[in-house]
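Chemist: Quick one, what's the 3D model for this:
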Amino acid sequence: MLLELIIIIGTIAVISAKNPVHSILFLILVFLNTAMVLISLGIDFLGIFLIIVYVGAIAILFLFVVMMLNVKLTELNDNIYKYLPIGFFFGVLFLFVFSLFASSGYDLLSDKIDSSINWTNELKIKGNNLVQLGILLYTIYLPYLMVAAIILLVAMLGVIILTFTKSKENLYQTVYQQNSSFLNNNLFS
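Modeler: Presented below is the predicted three-dimensional model:
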């Protein structure tokens with residue numbers, strides 16, 4: 001109950017924080033508490049996945065982007081209230097659709113799961129579900145994992161290349177120029 005309360009307070013703090021860095025830190029707090037809730041419910045893979053992917057990659061990436069772009073502190077405007085009716089509309093729509101699915105007992109994944117194949121029994125994999133998932137990822141699904149790794153590597157290199165630009169405002173040191181000025185100053189003085 002306490003973790004869920006911290007998640008709700010953290011999500012409110014994410015959207016109401018004036019400083020974008022504070023907003024991202026509250027987002028990390030929400031991700032960590034959500035992971036603790038999932039692990040306490042016995043869904044350990046999703047909890048660890050949430051920590052590794054969202055906290056370890058996405059939230060830290062957001063933090064670096066905000067710090068790199070030098071985003072100015074934004075003040076909350078009084079114009080935020082003009083978005084309240086549309087936010088209320090989408091909130092009511094979400095609650096309506098959620099209550100419709102919850103009351104009907106419809107399982108969204110029942111049509112998509114092929115229950116006739118149980119890879120863990122077929123391959124005689126023993127251990128908890130993290131061990132089973134690791135063995136499946138690195139045996140059967142290895143090509144897909146490698147493609148995802150290559151896509152992430154290309155995206156990372158693209159971000160580095162796009163953000164690394166030389167301009168007159170940035171101070172770069174050129175070794176040749178620095179050595180020649182040092183030699184000129186010492187030889188002719």
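
Chemist: so for the helix or strand hosting Met146, what's the average pLDDT?
Modeler: According to DSSP states H and E, Met146 maps onto helix 142-163. Averaging pLDDT along helix 142-163 gives 79.

Chemist: On the C-terminal side of it, identify the next helix or strand.
Modeler: Beyond helix 142-163 in the direction of the C-terminus, DSSP H and E gives the next helix or strand as helix 175-187.

Chemist: Output that next one as PDB - backbone C-alpha positions only.
Modeler: The C-alpha coordinates for helix 175-187 follow below in PDB (Å, rounded to 0.1, in the frame of the first residue of the first chain):
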ATOM      1  CA  VAL A 175      47.100  20.000 -29.900                       C
ATOM      2  CA  TYR A 176      49.100  21.300 -32.800                       C
ATOM      3  CA  GLN A 177      48.000  24.900 -32.100                       C
ATOM      4  CA  GLN A 178      48.600  24.600 -28.400                       C
ATOM      5  CA  ASN A 179      52.200  23.200 -28.900                       C
ATOM      6  CA  SER A 180      53.100  25.700 -31.500                       C
ATOM      7  CA  SER A 181      52.000  28.600 -29.300                       C
ATOM      8  CA  PHE A 182      53.900  27.100 -26.400                       C
ATOM      9  CA  LEU A 183      57.100  26.800 -28.500                       C
ATOM     10  CA  ASN A 184      56.700  30.300 -29.900                       C
ATOM     11  CA  ASN A 185      56.300  31.800 -26.500                       C
ATOM     12  CA  ASN A 186      59.200  30.000 -25.000                       C
ATOM     13  CA  LEU A 187      61.600  30.400 -27.900                       C
END
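
Chemist: Can you find the helix or strand in this protein with the smallest mean pLDDT?
Modeler: When each helix and strand of the chain is scored by mean pLDDT, DSSP states H and E, helix 119-122 comes last, with a mean of 57.

Chemist: tell me the average confidence for the helix or strand following that helix?
Modeler: Elements were assigned by DSSP H and E; along the chain past helix 119-122, the next helix or strand is helix 129-137. For helix 129-137, the per-residue pLDDT values average out at 78.

Chemist: In terms of secondary structure, what does helix 129-137 contact?
Modeler: For helix 129-137, the elements it packs on are helix 44-49, helix 119-122, judged by 3 or more CB pairs under 8 Å, 6 or more residues apart in numbering; DSSP states H and E. No exception for glycine: its C-beta is placed from N, CA and C like everyone else's.

Chemist: That one vs helix 142-163, what angle?
Modeler: Taking axes from the mean of the first three to the mean of the last three CA atoms, to 10 degrees, one finds that helix 129-137 is oriented at 90 degrees with respect to helix 142-163.

Chemist: about what we covered before: report the buried residues of the helix holding Met146.
Modeler: Judged by neighbour count using 16 or more other CB atoms under 10 Å, helix 142-163 contains no buried positions.

Chemist: If anything else comes up later, I'll come back, but that's it for now.
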